[in-house]
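> Return atomic coordinates for the entry below.
(chains A, B, C and D)
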There are 4 protein chains.
Amino acid sequence: MDSRYTNIIKNAYDFAQSQKCKGEIASYIPELANIDPNKFGVHMTKLDGRNFGMGDHLEKFSIQSIAKVLSLTLAYKFVGEKIWERIDVEPSGTKFDSLLLLETYEGIPRNPFVNSGAIVICDILITHLNDAKKEFLEFVRDVSDLPKLTYSDKIADSEKATGYRNVAVCNFIKSFGNIKNEPNVVLDFYFDMCSLEMTCQQLSQTFTFLANGGKKITDGKQIITSSQSKRINALMLTCGFYDESGEFAFRVGLPGKSGVGGGIVALYPNNFAIVVWSPKLNKNGNSARGMLLLEEVTTHSELSIF
Amino acid sequence: MDSRYTNIIKNAYDFAQSQKCKGEIASYIPELANIDPNKFGVHMTKLDGRNFGMGDHLEKFSIQSIAKVLSLTLAYKFVGEKIWERIDVEPSGTKFDSLLLLETYEGIPRNPFVNSGAIVICDILITHLNDAKKEFLEFVRDVSDLPKLTYSDKIADSEKATGYRNVAVCNFIKSFGNIKNEPNVVLDFYFDMCSLEMTCQQLSQTFTFLANGGKKITDGKQIITSSQSKRINALMLTCGFYDESGEFAFRVGLPGKSGVGGGIVALYPNNFAIVVWSPKLNKNGNSARGMLLLEEVTTHSELSIF
Amino acid sequence: MDSRYTNIIKNAYDFAQSQKCKGEIASYIPELANIDPNKFGVHMTKLDGRNFGMGDHLEKFSIQSIAKVLSLTLAYKFVGEKIWERIDVEPSGTKFDSLLLLETYEGIPRNPFVNSGAIVICDILITHLNDAKKEFLEFVRDVSDLPKLTYSDKIADSEKATGYRNVAVCNFIKSFGNIKNEPNVVLDFYFDMCSLEMTCQQLSQTFTFLANGGKKITDGKQIITSSQSKRINALMLTCGFYDESGEFAFRVGLPGKSGVGGGIVALYPNNFAIVVWSPKLNKNGNSARGMLLLEEVTTHSELSIF
Amino acid sequence: MDSRYTNIIKNAYDFAQSQKCKGEIASYIPELANIDPNKFGVHMTKLDGRNFGMGDHLEKFSIQSIAKVLSLTLAYKFVGEKIWERIDVEPSGTKFDSLLLLETYEGIPRNPFVNSGAIVICDILITHLNDAKKEFLEFVRDVSDLPKLTYSDKIADSEKATGYRNVAVCNFIKSFGNIKNEPNVVLDFYFDMCSLEMTCQQLSQTFTFLANGGKKITDGKQIITSSQSKRINALMLTCGFYDESGEFAFRVGLPGKSGVGGGIVALYPNNFAIVVWSPKLNKNGNSARGMLLLEEVTTHSELSIF
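Take a look at the predicted model:
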């Protein structure tokens, strides 16, 4: 990697590391509450294959909601534009697990990245695949070039035991008729889907296809069309950070997606994917130090899409 | 202009012209209700100064809310980042004149492009300038290279006589303390600000500075910093189309801003500004045919930022 | 019964019978959808023991939400005023199964008669009793002098199979910590509780204790204190008809409670209880013909509490 | 007055006086902010004409929203049941000056006692009367037997200068078409209407007609029909205390209406009217000590309507 990017990453990492971050670790998933809050890693993968990482970038963490981008990708690939009859593409203006707008819009989630939308995507996958859990895992293994990747039962079980809010969301949508399978089955897949664990490096390499017009950089395989890839990026920009999506677009200026495990993935189309991991979350549920690092990267490098 | 862009624009114009558009002209401002609904113009200005226009692109129309980008620019230039203490940067998830979220967020508008936010921007300008109405007009004249531009009294008076919703919004914010001047004074400026009229060509040339890092292409004058310019673009992408902002980002993939006069401006950073005008509005208050044209432009040309 | 009341009831019944009622039978509980929509019965019990009934007043129907008054009575008796730490006493201003206000008030239901509130009451009973299902049934048998009363498994099973909205409500409250037991256990009891079946006559006699200062008229047993009895009546007046409570108070002027089985109970304190049953529901989920009959009873007899 | 009522009032007054009340004086109307917070008076008028008062019951205070009952009475008298096409009769579930539900219900206020509803009543009176301000005053003079009663210009002017929220509410309803006259004209009357001042004694005597089937006790004049009188009482019970109406019905069990001047009027139909005044308001905008006194009166005397 050329020294320009090396310097950008290093300076941003050091700056973010030096700042006091008041966030809290996600406590509502017991298994996540045990993570060392000071973990901090970053990894960038350029489309030409060069990589640069720092800190804990080779340590696995729970990618949580970042997996929603991958499940959306698989569903979009299979169902095409008809998918938007069941999910909208608008920012929610509310928290990630809010039920308010579901009631207003009669069971149509605002977008595929709030919990309600991701649950509907799981329902769609169950309907279209023979064994959604298995086939989704195979899909992620393929995109990530990680043939041994598995769900984390510990994380999934921990969420299954305490995820009352998601049980509420799923049954609420079912009551409007926008879930076709049994809520328990849908939720079981949803919790497994969110339990994947990857390192910053693995996740960064995995997401390069979305910066590359839907095509993998390792073997050139076209995962989705270029147009679909752009649209998923647009959704990440407008909806990837719950009620802080505008703030992220404003400060960082890249499409991205966060997870409550403290990970954030961001993309500069035609250029690179970057993943940062720091478990302390701000009040909107996004990694506090991760946001800082990415803002530094784009402010000082003028690497934003705007 | 090279033939590539000529073709893109022409094909998109012809396609959009051929489609049935069910929209309605804005009827709540009496003066706007008299416009010929079949007007249709488009104009693109490349940063190198080349221009291409079609249809009614040399006819003046009321730019309405598109002016909010210019008033934000002037306020941002004067007040800097402190401006965000009084206005947020998040999509609203509601209609352009909704009061719902104002109550939830105690008088802090969700962003500077919903009516409430633009009214607070007017209040800020009145506080910081000696004669806001005059100085804002001079600013727009300077940015647009149109030294004779004036407010349209007919349009402004028409809105002043019927703009009850905006009177409500302004007084509601005042009751939370987030308007510092008298509501009548603030509204008077707000209605004048929205009354500006330009042609597609003029508006397209005016907005090139936001595709050019904040710098005018005609005389190289730096209107705002490059970082501020990027942030205004980010805001246009996430909030420029009211409750259809996600849809526009998804389908068109460019920062943009619409007005109820039927105009839409969109930007491809470092490349071009484009303005389309067609008065029939869809149910979200955005030009129906204009949306179609811009979607065609970016879908077939792969000119989106994603 | 003296001829005055006989006439009042008869005239109101005939009038209501003669009116076209556009309502629909509750269709979301499959077992209820089979009821003959033309059933129509009324029964009044004076505190001195006199009875008057007409139409299908000796036929059993599913009392549904009317049972919420009885479960509240039992919980109030056991827990006293501390019960209001977990449930409010305000009208909801929304539909019976809305989740909107739960989110606003962080899991505290607005009152014990919306579904969310009744579910919290079930949770309280499970915590305080050894076998809530059995002991609640015994309590109702005692109050009603119906020693053989049982839950209707057919109705309960029908709701358990389709009650997604209530599953959502219960898990949503659990996520705020205001349900202490497992949601499945609480819901199982809730659906049983709502499955009771009685005739107009039985239900009318059962509810006389609330018109009688909390004391049964048959054996003089004090079920709850006079003050508690008055407060339950006040709650029925302000909250007994979901988003039509104001309308019922306005038109009928008596404390009352409706159920989606088409039953309504109303009370004139120190005077009588009255039950009407007609399965067609208006858009607010209350018996259309039942509302009409009760309005006639109070308008022409001046029997309202106001 | 017989010693039973004397004792009830005295004991309740002494009890309420002895309690610490944390409330705050209404500060948003500057002229009201100057009142001595320790003022405390109570006055009961029996329908047989007997009176009993204590404390500051002969001192004038600003009756504020209590006047909404009188303006409703006059409008109801003139327009009859058609009045409910423009105002609903349901509790709002929100604060007295909330705009949230207005947006949901497209400009139809939830009831005539929230500000929005009272403003629509003013609009109705302006439409139906030649000189609403003058004729309403004459009406109140007649009902109260106070021929010299006048509006308080000081209070009205104070509200006119600062009542931005009400300006917002009125213009908001106007934007939905449910205000027929000019907002400024309607608001001018609204602020005058709320500026009336009376003593506890005067106000108590004035309201006896609503406990007396709509008939004045002094001269037997029928102000409104008995049925209308009952309906106004029902509205007071369900909607008289904003988002604390359920609580008042629950604790006190009488129809009533509060004002931010610290006054509360309550009625026991066919028996008495009672007025209490203490300026410190609880968080719902109702007199804290007044609520306490009335709860004492009904709890210990069993004088509630339930």
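
> Return, as residue ranges, the portions of the stretch 51-200 of chain A with sub-threshold pLDDT.
A:93-98, A:100-101, A:103-104 (pLDDT under 70).

> where along it do the strands fall?
Secondary structure of the stretch 51-200 of chain A (DSSP state E, counting those that start in this stretch): strands at A:51-55, A:61-62, A:197-198.

> For the longest one, which residues meet the burial criterion?
The reference is to strand A:51-55. A:52-55 (16 or more other CB atoms under 10 Å in any protein chain shown). Where you see a C-beta, it was placed from the backbone N, CA and C, and this is true even at glycine.

> can you list the residues that contact it?
For strand A:51-55, contacts defined as CB atoms under 8 Å, 6 or more residues apart in numbering or on different chains pick out A:1, A:5-6, A:9-10, A:13, A:17, A:39-45, A:200-201, A:204-205.

> Could you spell out the sheet neighbours of it, each with its direction?
Strand A:51-55 sits in its sheet next to strand A:41-46 (antiparallel), going by DSSP bridges.

> Rounded mean pLDDT for the partner strand, please.
Per-residue pLDDT over strand A:41-46 has a mean of 97.

> Please export the C-alpha coordinates of that strand as CSV.
C-alpha atoms of strand A:41-46 as CSV (Å, rounded to 0.1, in the frame of the first residue of the first chain):
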residue,chain,number,x,y,z
GLY,A,41,-8.6,-2.2,15.0
VAL,A,42,-8.9,-0.9,11.5
HIS,A,43,-8.3,-2.4,8.1
MET,A,44,-8.5,-1.0,4.6
THR,A,45,-8.6,-3.0,1.4
LYS,A,46,-8.0,-1.2,-1.9
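
> can you give me the offset of it from its chain's centre?
Here strand A:41-46 shows a centroid-to-chain-centroid distance of 15 Å under the convention CA atoms, centre = their mean, to the nearest Å.

> So which residue is smack in the middle of chain A?
Central residue check for chain A by CA atoms, centre = their mean: the C-alpha nearest the mean position is that of A:Ile66, 1.6 Å away.

> what's the closest non-adjacent residue to it?
Excluding its sequence neighbours, the residue lying closest to A:Ile66 (CB to CB, 6 or more residues apart in numbering or on different chains) is A:Gly259, at 4.4 Å.

> And for A:Val169?
A:Val169 sits nearest to A:Ser116 (CB to CB, 6+ apart), 5.0 Å away.

> Contacts only, for that neighbour.
A:Ser116 touches A:99, A:102, A:109-110, A:169, A:172-173, counting by CB under 8 Å, 6+ apart.

> Derive a PyMOL selection command for the buried subset of the residues you listed.
To isolate in PyMOL the members of the contacts of A:Ser116 that are buried, counting by 16+ other CB under 10 Å, one can use:
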select buried, chain A and resi 99+102+109+110+169+172+173
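
> can you put the contacts of A:Ser116 in CSV and add distance to A:Ala211?
Shown next, in CSV, are those (distance: CB to CB, whole Å):
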residue, distance to A:Ala211
A:Leu99, 34
A:Leu102, 32
A:Pro109, 26
A:Arg110, 25
A:Val169, 31
A:Phe172, 35
A:Ile173, 32
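
> In the contacts of A:Ser116, find the pair that's most separated.
A:Arg110 and A:Phe172 (13.7 Å; CB to CB).

> picking up where we left off before, and which of the contacts of A:Ser116 is nearest chain B?
Distances from chain B to the contacts of A:Ser116, taken as CB to the nearest CB, are shortest for A:Arg110 (7.1 Å).

> give me the number of residues near the closest residue in space to that closest one that isn't next to it in sequence?
Of all residues not flanking A:Arg110 in the chain, A:Ser92 sits nearest, at 4.1 Å (CB to CB, 6+ apart). Using other CB atoms under 10 Å in any protein chain shown, the number of residues around A:Ser92 comes to 26.

> Check A:Leu281 too.
Neighbours around A:Leu281, by other CB under 10 Å: 25.

> quick one: pLDDT of the closest residue to it other than its chain neighbours?
Leaving aside its sequence neighbours, A:Leu281 sits nearest to A:Gly23 (CB to CB, 6+ apart; 4.8 Å). In the predicted model, A:Gly23 carries a pLDDT score of 86.

> again with A:Leu292
96.

> wouldn't the residue nearest to A:Arg110 be in contact with A:Ile108 here?
No: A:Ser92 is beyond contact range of A:Ile108, at 11.7 Å (criterion: CB atoms under 8 Å).

> May I have the secondary structure class of A:Lys10?
Secondary structure assignment for A:Lys10 (DSSP: H, G, I helix; E, B strand; the rest coil): helix.

> Nearest residue to it in space, please, no chain neighbours.
A:Lys10 sits nearest to A:Met54 (CB to CB, 6+ apart), 6.6 Å away.

> With A:Ala211 instead?
A:Leu267 is the one closest to A:Ala211 (CB to CB, 6+ apart), at 4.5 Å.

> Can you name every helix or strand that the helix or strand hosting that neighbour contacts?
Using DSSP states H and E, A:Leu267 falls within strand A:263-268. Secondary-structure packing of strand A:263-268 (3 or more CB pairs under 8 Å, 6 or more residues apart in numbering or on different chains; DSSP states H and E): helix A:200-211, strand A:256-258, strand A:272-277, helix A:288-301.

> quick one: A:His128 and A:Gly80 touch, right?
No: A:His128 is beyond contact range of A:Gly80, at 11.2 Å (criterion: CB under 8 Å).

> Neighbour count for those two, which is higher?
Legend: neighbour count by other CB under 10 Å for A:His128 and A:Gly80, higher for A:His128 (14 against 11).

> Tell me which residues touch that one, please.
A:75, A:78-79.

> and if you look at A:Glu138?
With CB under 8 Å, 6+ apart, A:Glu138 has no contacts at all.

> Would you mind getting the angle between the helix or strand hosting A:Arg231 and helix B:288-301?
For A:Arg231, the host element (DSSP H and E) is helix A:226-239. Counting by axes from the mean of the first three to the mean of the last three CA atoms, to 10 degrees, helix A:226-239 lies at 130 degrees to helix B:288-301.

> follow-up on the earlier one: out of the contacts of A:Ser116, who's nearest A:Leu294?
Closest approach between the contacts of A:Ser116 and A:Leu294, by CB to CB: A:Arg110, at 23.9 Å.

> what's the nearest residue to A:Leu187 if we skip its chain neighbours?
A:Cys170 (5.3 Å).

> returning to that earlier point: name the nearest of the buried residues of strand A:51-55 relative to chain C.
A:Gly55 (34.0 Å).

> Pull the contacting residues for the closest residue to chain C within the stretch 1-150 of chain A.
Closest approach of the stretch 1-150 of chain A to chain C (CB to the nearest CB) occurs at A:Leu99, with a separation of 5.0 Å. Counting by CB under 8 Å, 6+ apart, A:Leu99 makes contact with A:116, A:168-169, A:172, C:99, C:103, C:168, C:172.

> Can you tell me which of the residues you listed end up in helices?
A:116, A:168-169, A:172, C:103, C:168, C:172 (DSSP state H).

> which of those residues lies closest to A:Met291?
For these, the nearest to A:Met291 is A:Ser116 (23.8 Å; CB to CB).

> how near is that closest one to chain D?
21 Å (CB to the nearest CB, to the nearest Å).

> Span of stretch A:24-35 from start to end?
Across stretch A:24-35, the terminal residues are separated by 11 Å (CA to CA, to the nearest Å).

> can you list the residues that contact it?
A:37, A:61-62, A:154-155, A:157-159, A:161-163, A:260-262, A:279-281, A:285.

> Which among those count as buried?
Counted by 16+ other CB under 10 Å, the contacts of stretch A:24-35 give A:37, A:61-62, A:155, A:158-159, A:162-163, A:260-262, A:279-281, A:285 as buried.
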